[in-house]
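In: sequence first, predicted coordinates after that:
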Amino acid sequence: MLSLYRNDFPSSRHELAQALDKALHRFVPKGGSVVDVRARVFPYLDEIVMNFDGTRFDSSPPIPSPPVDQTKPALEAALVTLSARNVSIRGLPLNLRMEAHDVVLHKGMDTNGEAMLLWHTARDGQLAISLGQVELEKAIAQIAAREAGRHGIVLEQVRLAIRARGPRSLALDLHLQARKFLLRARIDISGQIDIDESFATKILLKCKSDGAIGSLACNALNPVFERLKNKSFSFASLPFGEIQVRDVRLAVANTVELTADFGS
């Protein structure tokens, strides 16, 4: 769902491009246009192109109000693409790309009486999210160092290793060397991420250490990890009209990549 922040729905390709660009700029802090709409006969679009490359997201996007009434067909797009290379989400560097074919978009009105655009169906599509292991290690080191510094702890080393266990499973090992005054400790965090046949994700993490500083850290982290174990996230429950996830795959090399195939 995307609120267009206007009372009427766009009636031309140019109006649609302007409305989409204005709406997306509310949570995409990037200069210049981020949307290009290509069409020979409106409302039958050849392509909608969104480009968020190089954007840094430091806050969550606004949550739009749900439509107040039944939605109606508004647009058809032969192709919808999204490129988000070298973006940062709250300090986490990643790449994202999405491509969908034969997309049907609906229109509606939100509780403020403003026009909304809703993704209703797509013949097929693919979403891929990737993170470099080196970049992820650096991001974890920065975040961990910042948090540890609040308690007078210095992180001297952070090492991350991720390996595939199967097409929908991966294991990770995170090793941290910490120091407070003259005391040193090694903190080891091991984990596993699994996606089952219904596309529900389970995360298992465990912390262990042999030092006093590390024991304090693990005593604080393990209850959090235990609560996380009892929660799951399902890709199949994504709220995109009649679009459903058909397959999810994980791959590990220099990057960790999640690929999801979807369609109606």
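Out: Everything's here; your move. Numbers count the residues shown, from 1 in each chain.
In: what pLDDT does the model give residue 130?
Out: Here, the pLDDT recorded for residue 130 equals 95.
In: in the stretch 101-250 of the chain, which spans are helices?
Out: Under the criterion DSSP state H, counting those that start in this stretch, helices of the stretch 101-250 of the chain are mapped to 133-149, 212-229.
In: closest to residue 92 out of the ones you listed?
Out: Among the helices of the stretch 101-250 of the chain, helix 133-149 comes nearest to residue 92, with 5.3 Å by Cβ to Cβ. All C-beta atoms are positioned from the backbone trio N, CA, C, and that covers glycine.
In: other residues contacting that closest one?
Out: Contacts to helix 133-149, defined as Cβ atoms under 8 Å, 6 or more residues apart in numbering, come from residues 91-93, 154-155, 158-162, 174, 176, 178, 252, 254-256.
In: picking up where we left off before, can you add distance to residue 170 and give the helices of the stretch 101-250 of the chain back as JSON lines?
Out: Below are the helices of the stretch 101-250 of the chain laid out as JSON lines (distance: least, Cβ to Cβ, whole Å):
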{"stretch": "helix 133-149", "distance to residue 170": "11"}
{"stretch": "helix 212-229", "distance to residue 170": "16"}
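In: with distance to residue 34 and mean pLDDT added, can I get the ones you listed in a markdown table?
Out: What follows is these, written out as a markdown table (distance: least, Cβ to Cβ, whole Å; pLDDT from 0 to 100):
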| stretch | distance to residue 34 | mean pLDDT |
| --- | --- | --- |
| helix 133-149 | 23 | 83 |
| helix 212-229 | 34 | 82 |
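In: could these be laid out in JSON lines, adding mean neighbour count and distance to residue 72?
Out: Listed next are the helices of the stretch 101-250 of the chain as JSON lines, based on neighbours: other Cβ atoms under 10 Å; distance: least, Cβ to Cβ, whole Å:
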{"stretch": "helix 133-149", "mean neighbour count": "16", "distance to residue 72": "43"}
{"stretch": "helix 212-229", "mean neighbour count": "15", "distance to residue 72": "41"}
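In: quick one: closest of these to residue 67.
Out: Short answer: helix 212-229, nearest of those by Cβ to Cβ, at 33.2 Å.
In: compute the inter-axis angle for the closest one and helix 133-149.
Out: Going by axes from the mean of the first three to the mean of the last three Cα atoms, to 10 degrees, helix 212-229 is angled at 120 degrees with respect to helix 133-149.
In: what is the neighbour count of residue 116?
Out: When neighbours are defined as other Cβ atoms under 10 Å, residue 116 has 24 of them.
In: so it makes contact with residue 2?
Out: Yes: look at residue 116 against residue 2 with Cβ atoms under 8 Å: they come within range, at 6.7 Å.
In: mind listing the shared neighbours of those two?
Out: If you check residue 116 and residue 2 against Cβ under 8 Å, 6+ apart, the residues they both contact are residue 64.
In: quick revisit: show me which of the contacts of helix 133-149 are buried.
Out: Listed as buried from the contacts of helix 133-149 are 93, 155, 158, 160, 162, 174, 176, 178, 252, 255, 256; burial here means 16 or more other Cβ atoms under 10 Å.
In: which of these sit farthest apart?
Out: Applying Cβ to Cβ across those, the maximum distance is between 178 and 255, 27.6 Å.
In: secondary structure class for residue 8?
Out: coil (DSSP: H, G, I helix; E, B strand; the rest coil).
In: who's in contact with it?
Out: Residue 8 is in contact with residue 115, counting by Cβ under 8 Å, 6+ apart.
In: now it: how far from residue 42?
Out: 15 Å (Cβ to Cβ, to the nearest Å).
In: likewise residue 150?
Out: 54 Å.
In: which of the contacts of helix 133-149 fall within strands?
Out: 92-93, 154-155, 158-162, 174, 176, 178, 252, 255-256 (DSSP state E).
In: related to what we said a few turns ago, figure out which of the helices of the stretch 101-250 of the chain is closest to residue 78.
Out: Nearest of the helices of the stretch 101-250 of the chain (Cβ to Cβ): helix 133-149, 34.3 Å.
In: ok now that closest one, how far from the chain's centre?
Out: Offset of helix 133-149 from its chain centre (Cα atoms, centre = their mean, to the nearest Å): 19 Å.
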